[in-house]
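Colleague: Sequence and predicted structure, then a few things I'm wondering about:
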4 protein chains.
Amino acid sequence: MASAAASSSSQKVKVGVLGATGTVGQRFILQLADHPNFELAALGASSSSAGKTYAKAVEGRWKQIKRIPANVADMPVYECQAQHFAQCHIVFSGLDSGPAGPVEDAFRKAELRVFSNAKNYRTDPLCPLVVPLVNPEHMEILPFQKQQVGTKTGFIVTNANCSTTGIVVPLKALEQSFGPLDKVLVNTMQAISGAGYPGVSSLDILDNVVPFISGEEEKIEWETAKILGGIKSDKTAFDYHEQDALKVSAHCNRVPVIDGHLECVSVSFKKRPAPSVEEVERCFAQFTTEAQRLAVHSAPAQAITLHEEKDRPQPKLDRDWQNGAGVNVGRVRQCPVFDIKFVVLSNNVMIGAATSSVMNAEIALKKGYLD
Amino acid sequence: MASAAASSSSQKVKVGVLGATGTVGQRFILQLADHPNFELAALGASSSSAGKTYAKAVEGRWKQIKRIPANVADMPVYECQAQHFAQCHIVFSGLDSGPAGPVEDAFRKAELRVFSNAKNYRTDPLCPLVVPLVNPEHMEILPFQKQQVGTKTGFIVTNANCSTTGIVVPLKALEQSFGPLDKVLVNTMQAISGAGYPGVSSLDILDNVVPFISGEEEKIEWETAKILGGIKSDKTAFDYHEQDALKVSAHCNRVPVIDGHLECVSVSFKKRPAPSVEEVERCFAQFTTEAQRLAVHSAPAQAITLHEEKDRPQPKLDRDWQNGAGVNVGRVRQCPVFDIKFVVLSNNVMIGAATSSVMNAEIALKKGYLD
Amino acid sequence: MASAAASSSSQKVKVGVLGATGTVGQRFILQLADHPNFELAALGASSSSAGKTYAKAVEGRWKQIKRIPANVADMPVYECQAQHFAQCHIVFSGLDSGPAGPVEDAFRKAELRVFSNAKNYRTDPLCPLVVPLVNPEHMEILPFQKQQVGTKTGFIVTNANCSTTGIVVPLKALEQSFGPLDKVLVNTMQAISGAGYPGVSSLDILDNVVPFISGEEEKIEWETAKILGGIKSDKTAFDYHEQDALKVSAHCNRVPVIDGHLECVSVSFKKRPAPSVEEVERCFAQFTTEAQRLAVHSAPAQAITLHEEKDRPQPKLDRDWQNGAGVNVGRVRQCPVFDIKFVVLSNNVMIGAATSSVMNAEIALKKGYLD
Amino acid sequence: MASAAASSSSQKVKVGVLGATGTVGQRFILQLADHPNFELAALGASSSSAGKTYAKAVEGRWKQIKRIPANVADMPVYECQAQHFAQCHIVFSGLDSGPAGPVEDAFRKAELRVFSNAKNYRTDPLCPLVVPLVNPEHMEILPFQKQQVGTKTGFIVTNANCSTTGIVVPLKALEQSFGPLDKVLVNTMQAISGAGYPGVSSLDILDNVVPFISGEEEKIEWETAKILGGIKSDKTAFDYHEQDALKVSAHCNRVPVIDGHLECVSVSFKKRPAPSVEEVERCFAQFTTEAQRLAVHSAPAQAITLHEEKDRPQPKLDRDWQNGAGVNVGRVRQCPVFDIKFVVLSNNVMIGAATSSVMNAEIALKKGYLD
């Protein structure tokens, strides 16, 4: 479908949102309602919402500070079937993992480019798992994916789990500056919004911390390897092997914070002597990515904001910095056991979810991956 | 003062509380008001409280669920000068670190046994730093301490920082079963009550996590070494050397939890092959300490409670188990980077503070260290 | 069934719990596991729990600080059918309002005395709506209820909504001392546990207040009239008429508090001049009820605890006073618009739910209503 | 000083902020750093801050989501003495009530127009107490104030307490449409930010509600009368008499909400029959004030936003609507005791504090009160 790229110069690319009424879907709506490159053209949700206007479908469930955009409120909601999205070139998927598998595949087969926040295709060897501030070049596998699944334009790109997203950005910066990492230990303190709505019962989390999130530690441990690994030179596979030596261990906790995942990270490097605290701080502060170079719409001015105050970043104070599109790092210091330790904050509902999908699509558009 | 031990058989030992109106002091009051071995005989606080009854002195500041014990409400509050504590054999100190240094020394010189929750003498090479479920034998240095400072009966025993206390109990269990540890990485999520009253501003912690607690990481790192280290055979010094190889790294965070410090711990052992998850679980479940063997009043039935549910221990649900006198461990599992990882919960206002001091004194009484 | 009363002198009355795995059911278990008058003999829950042991049925859903009582953990759970409760004389119902209607009626028809926390029969003109500290004499309608429904021993007694319970206790005290009330305006700030588990989503209540609880304001407004009204002299009906003149208006809010409903109340009296603040305080402090006179097991020593501190009662500090079985009143003062205003705190999961049902049964047992 | 008005057409009016480092002061900074009419020219704070740059003076105390404006960070901070504000025409005061009395008077005497958020001069019969969406015409007393205190241009205008501000806006709308009110009962649930920083201890408010705020109920009760009362025709006094009949009663509570005061209000009218729910809703939705008519910079598009959802307004979701400059009303319904009841939400740190002061000054500028 040459039109997607062609149209981008003169007019906006028409896009749809799957799972539009859920918490991630609502964030997609807010990001796309007034986007310079994309035009929101179709909305999909479950059969109980289909046939209603968007405003009606989310009645009592719209939990955003911003109001429903006026140009979206009256849009009709359809079932998540490709026939209703015929005018779209791209769909963003905020579907739950239950329906996401078959639905996203059906949309791909219907020649739609799917940018998905669901976990289903993250492990697929043909599907790139892309954090836009880390590995957009993984999308170079898309021609091979299309060839293998027999589509002309349809593909699936996934973005990472919200807690993985936060740490791979600084880890990528370190790896780029100082070579391969040896070991990473991360302790997460994750916001309740990461569990969706209604998600975490207030009785479970008020005056409490829950030291367990189902499947989360495993996701961090293997997603990090896929994301930080390269793509083979023939663009047909990801090079997990490259990261074989990298050992990652995660402790995941749910805390009574609305938005913003805070993570304490200890890292050791292969390189001896290891870089100093000052070198690491400089590396973070200067880290620039393809998203900044391409100056795509959702890109933060700085991929990493380095905080100087000794008690920052903090979820409440820093999660909305740069509209939640970058990550925040602070407290870089020596680790008595590893080499370096630091704190990372990322906004799980922005760069940890919808913002990643949208920024991936923006990069794909600029790089010609949509052609 | 032979009378302290002698009296213990027939009658209660008279004790005082320093800093009686503060948050730790209030806990001392609750633990001592109806104690089988100790009789609360004198209360000390700042000059602004001196001269009032206890009830009057804590008016508007008594923040306990339990009421002020009836037999304490009308007791007079004195300034923290030894002359007002002449009838006491022991004083428990809940003083802030500001006044604690000179005041505790003055009481020691006045031949009182001081059991202190303050940090001032923890680093003193003559003062034992005792977690009652870990190293009560460190109190065997007391004769040498008395000799060195020139007292007959007066000494100072300190207990550990609340976040250290939680982890040294399971670490001691592991070391006892499997030999020396190699590396420990701990991430704490600490309750607001750890900062005293008024302590943490609600504006700093509601919907937030603060990834910094002044001085806390350093305390965990060195206190662990002193506590887990032995005492030299001539009972004149602690054997830090023994723990030279043990590397400890801590990330400390304040979370919006009222009571109960939750800590995620990763450990590696010197022993190869390292113990299995099942061996570690058995080690925790079976860990018994001097406090249980002596059956002192405040001792928990189990030093460590091993939780089987995959999402426990949790502060809200488990902090009051065994009256907060033991520690709770759960989620024992393989660590991809270290050998084993697990979660610890300890009640920072109980075993992490006043309960430790009182249990230390109970053990001292039974073991004859008060003679 | 004469045996219920007869047995009470010599042995415990066998009781069952319906909805035993829910949040109210769990509270019934804790109150009945070691009760001097009642013996827990049968447990009922939904078909998904039936056939399991109680411990297995509540796995992952037991959200109490106290552990599952050892003598209950292995009890079998049945479906809520009367045949499984043949040995019981009483059942306590913690059922949701969905199943409660037909199930409770079936148990009544099977000659079981039902003490229910569900709302279904509260409006029934034959069913007493009893707050044990207010109107236990309403149970004198039970012979007429049994006659009308054609049972020998089976009946249904309901207790009130948790937010109603808190205010009717002080209102009863006022009415008893000063004659009929004229107007009552109440503003509630209700705990999340009032909505059951999972109940309120953490995303709805953290850093928030929700000024709406479905059906709650209406319940307070009419339940108050039924409870404070008398019972006709022939014991066949409740005398709503008596309260015709009493106007009640409620504003209901959900707040981020775990347990304990706080309510601000303004009251005006028919009596002129209205009683003074001192008279009202004396009235509250001296209020004694049938529960105290009969000295039933769950009765609080004082029906109303009058707090003197200017900022009390508070949920966190006062909800567990007297094991949550009484109510707490404070800040009695002149109201510029009504006569008097004050603050009430009641523990919604104790006197506001299971404790009311159990205390009603205790009173019924002592008064011979079970014969 | 004719220049203030004159300059407004061609250039910005130079303004200062007193108490610039406190919580209210920080809000003034954010509102004034990029204001179309005002230019931030001087900052005042306590002597411990004087001599530092603003960024240095608030180090560790800047608790805003937004960063310190770049053009303010390097401004010097002075002591609050008029000599340092010679170039300013206006000062905004975020001073604590301790220093506010004499300092504001000194600035007035030095011919500065003082717009103050402090409570000290609210009761002064010469000082207008102005909520910009309610009674800006009270500023017509300023010529008389200047005459009485002997200044040419210097005066003091105060704005109301944050909890008063929320209710007087809808009460003014009602009074304007339906004539005098008879009785008002209000129950507040106030955010922690209302107490400043550090303000409320987290130990006092997490999992809790505190049913007492010192002096707050009295403030609501008398401020409402002054604000809703008229100004005498000769512009020399406020006409409290007009509101003699209006009785206001307030219950004030502190809740664990960061920003946004929620208030439940019951109202009765003199007018019989009282207006219907629909008439009241229409009155709120159509309420327009001088701030809208003058279209001053900080004015919200709608003074009152009427919410249709049955569970709104809520602090978390609605406090930032219209940048917190208007008030939110919902749940208008019959009151069984009064005539009408409803819920109000106002942002205590915006329209409840700095936004009121700034909007008052904007109105004063447009109306020529600064001349």
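Modeller: Now that the structure is in, tell me what you want to look at.
Colleague: List the single closest residue to the residue of the stretch 51-200 of chain A found nearest chain C in space, sequence neighbours excluded.
Modeller: Using Cβ to the nearest Cβ, the point where the stretch 51-200 of chain A gets nearest to chain C is A:Pro198, with a distance of 3.6 Å. Every C-beta, even on glycine, is put in place using the N, C-alpha and C of the backbone. Excluding its sequence neighbours, the residue lying closest to A:Pro198 (Cβ to Cβ, 6 or more residues apart in numbering or on different chains) is C:Ser201, at 3.6 Å.
Colleague: what sits against the one you found?
Modeller: Residues near C:Ser201 by Cβ atoms under 8 Å, 6 or more residues apart in numbering or on different chains: A:Tyr197, A:Pro198, A:Gly199, A:Val200, A:Ser201, A:Ser202.
Colleague: okay, now the residue of the stretch 51-200 of chain A closest to chain C: neighbour count?
Modeller: Counted with other Cβ atoms under 10 Å in any protein chain shown, residues neighbouring A:Pro198 total 17.
Colleague: which residues touch it?
Modeller: Taking Cβ under 8 Å, 6+ apart as the test, what A:Pro198 contacts is C:Pro198, C:Ser201, C:Leu203, C:Asp204.
Colleague: helix, strand or coil for it?
Modeller: coil (DSSP: H, G, I helix; E, B strand; the rest coil).
Colleague: Redo the contacts of C:Ser201 as TSV? Include pLDDT.
Modeller: Shown next, in TSV, are the contacts of C:Ser201 (pLDDT from 0 to 100):
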residue	pLDDT
A:Tyr197	92
A:Pro198	95
A:Gly199	96
A:Val200	97
A:Ser201	97
A:Ser202	98
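Colleague: Make CSV from those and add distance to C:Glu308 to it.
Modeller: Rendered in CSV, the data for the contacts of C:Ser201 read as follows (distance: Cβ to Cβ, whole Å):
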residue, distance to C:Glu308
A:Tyr197, 44
A:Pro198, 41
A:Gly199, 42
A:Val200, 39
A:Ser201, 37
A:Ser202, 32
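Colleague: for these, which one is nearest chain D?
Modeller: Using Cβ to the nearest Cβ, the contacts of C:Ser201 come closest to chain D at A:Ser202, 10.8 Å.
Colleague: about what we covered before: next, work out how far apart the residue nearest to A:Pro198 and A:Ile192 are.
Modeller: C:Ser201 sits 8 Å away from A:Ile192, taking Cβ to Cβ, to the nearest Å as the criterion.
Colleague: what sits in contact with each of those two?
Modeller: With Cβ under 8 Å, 6+ apart, C:Ser201 and A:Ile192 have common neighbours A:Gly199, A:Val200.
Colleague: ok, back up a step: going by distance to chain B, which of the contacts of A:Pro198 wins?
Modeller: Of the contacts of A:Pro198, the one sitting nearest to chain B (Cβ to the nearest Cβ) turns out to be C:Leu203, at 11.4 Å.
Colleague: Got phi/psi on that closest one?
Modeller: Backbone geometry at C:Leu203, expressed as degrees, to the nearest 10, gives phi -70, psi -20.
Colleague: Can you pull up the residues of the stretch 251-371 of chain A that come close to chain B?
Modeller: A:251, A:253, A:255-258, A:262, A:264, A:266, A:310-317, A:330-331, A:335-338, A:341, A:343 (Cβ under 8 Å from any Cβ of the partner chain).
Colleague: same thing but 10 Å
Modeller: A:251-266, A:268, A:309-317, A:319, A:330-331, A:333-338, A:341-345 (Cβ under 10 Å from any Cβ of the partner chain).
Colleague: Assign the residue sitting furthest away from the middle of chain A to helix, strand or coil.
Modeller: For chain A, the residue at maximal distance from the C-alpha centroid (Cα atoms, centre = their mean) is A:Pro273, at 33.5 Å. Classification of A:Pro273 using three-state DSSP returns coil.
Colleague: Pairing partners for the closest residue to chain C within the stretch 201-350 of chain A in the sheet, please.
Modeller: Residue nearest to chain C within the stretch 201-350 of chain A: A:Ser201 (3.5 Å; Cβ to the nearest Cβ). A:Ser201 forms beta bridges with C:Ser201, as assigned by DSSP bridges.
Colleague: now the helices for the stretch 201-350 of chain A?
Modeller: Applying DSSP state H, counting those that start in this stretch to the stretch 201-350 of chain A gives helices spanning A:202-205, A:216-228, A:277-286, A:290-294, A:315-318.
Colleague: so what secondary structure elements neighbour the longest one?
Modeller: In other words, helix A:216-228. helix A:162-178, strand A:181-190, strand A:238-239, strand A:247-254 (3 or more Cβ pairs under 10 Å, 6 or more residues apart in numbering or on different chains; DSSP states H and E).
Colleague: pLDDT averaged over that helix - what is it?
Modeller: Mean per-residue pLDDT for helix A:216-228: 93.
Colleague: Model confidence score at the residue in chain A that chain D sits nearest to, please.
Modeller: Here chain A gets closest to chain D at one residue, A:Asp207, 4.7 Å apart by Cβ to the nearest Cβ. Residue-level confidence at A:Asp207 comes out at 98, pLDDT.
Colleague: dump the residue contacts of A:Gln81.
Modeller: Neighbouring residues of A:Gln81 by Cβ atoms under 10 Å, 6 or more residues apart in numbering or on different chains: A:Gly44, A:Ala50, A:Val103, A:Ala106, A:Phe107, A:Ala110.
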